[in-house]
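> Generate a structure from the sequence data that follows.
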Amino acid sequence: MGFRYRPYGPEDVAFMIDSWGRSYFQGSRAYQHLEASEFHAYHRPIRERFFSRPSAAGIICCPQDDPWHIIAWIAVEKLTSGLVVQYLYVKDAFRQQGIARQLIEKATPIKPVFYTHTTGISGNIVSKHPDEFASWHLIPHLV
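Model prediction:
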């Protein structure tokens, strides 16, 4: 299966908000300390606020023959001093195929890169590839 990449549009936002919330809740261990409803009551407005900003941007990965089937996505924002990666999501069935790397390369052409969310998986990736992420800085306050 070949993949293609396209800018996100308004029709993608509901899926992006939902998948961001579900994967971050599970991946950040919030599920060990909070009820899902409590987590989402706090975090959903953060996700919605990002997508309402004019500076919000994103790239969708989809099958070559179906531009509406979202496999993965990345949400970014340009600052005067660099880029902010708000979140990157890849469906479980499509992990380990280089999609995340492609999204990162396409979405972060300038450095430094700041990121606002981390999960167990993303933490492992960053620690295994320190040279590739040397110009990346976790700053959760930029959400």
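
> And the pLDDT for residue 111?
At residue 111, the model reports a pLDDT of 88.

> Make sure it is indeed in a strand.
No - if the criterion is DSSP: H, G, I helix; E, B strand; the rest coil, then residue 111 is coil and not within a strand.

> Let me know whether it touches residue 135 as I believe.
Yes - between residue 111 and residue 135 a contact is recorded at 4.1 Å, counting by CB atoms under 8 Å. Yep, even glycine has a C-beta here, placed from its N, CA and C like the rest.

> Tell me which of these two has more neighbours.
More neighbours surround residue 135 than the other of residue 111 and residue 135, with 13 against 10 (other CB atoms under 10 Å).

> which residues touch that one?
By CB atoms under 8 Å, 6 or more residues apart in numbering, the contact list for residue 135 reads 111-113.

> Ramachandran angles for it?
Main-chain dihedrals, residue 135, degrees, to the nearest 10: phi -100, psi 20.

> Quick check: closest non-adjacent residue to residue 76.
Of all residues not flanking residue 76 in the chain, residue 107 sits nearest, at 4.8 Å (CB to CB, 6 or more residues apart in numbering).

> So for that neighbour, what's the pLDDT?
Listed pLDDT for residue 107 reads 95.

> can I get the contacts of residue 135 in a markdown table with distance to residue 48?
Shown next, in a markdown table, are the contacts of residue 135 (distance: CB to CB, whole Å):
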| residue | distance to residue 48 |
| --- | --- |
| 111 | 28 |
| 112 | 27 |
| 113 | 23 |
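
> of those, closest to residue 66?
residue 113 (29.8 Å; CB to CB).

> ok, residue 26 to residue 55 distance?
Distance, residue 26 to residue 55, using CB to CB, to the nearest Å: 28 Å.

> Specify which residue of the two has the higher count of neighbours.
It is residue 26, of residue 26 and residue 55, that has more neighbours when counted by other CB under 10 Å, with 14 against 10.

> which helices and strands sit right next to the helix or strand of the chain with the lowest mean pLDDT?
When each helix and strand of the chain is scored by mean pLDDT, DSSP states H and E, helix 120-128 comes last, with a mean of 87. Here helix 120-128 touches helix 13-27, going by 3 or more CB pairs under 8 Å, 6 or more residues apart in numbering; DSSP states H and E.
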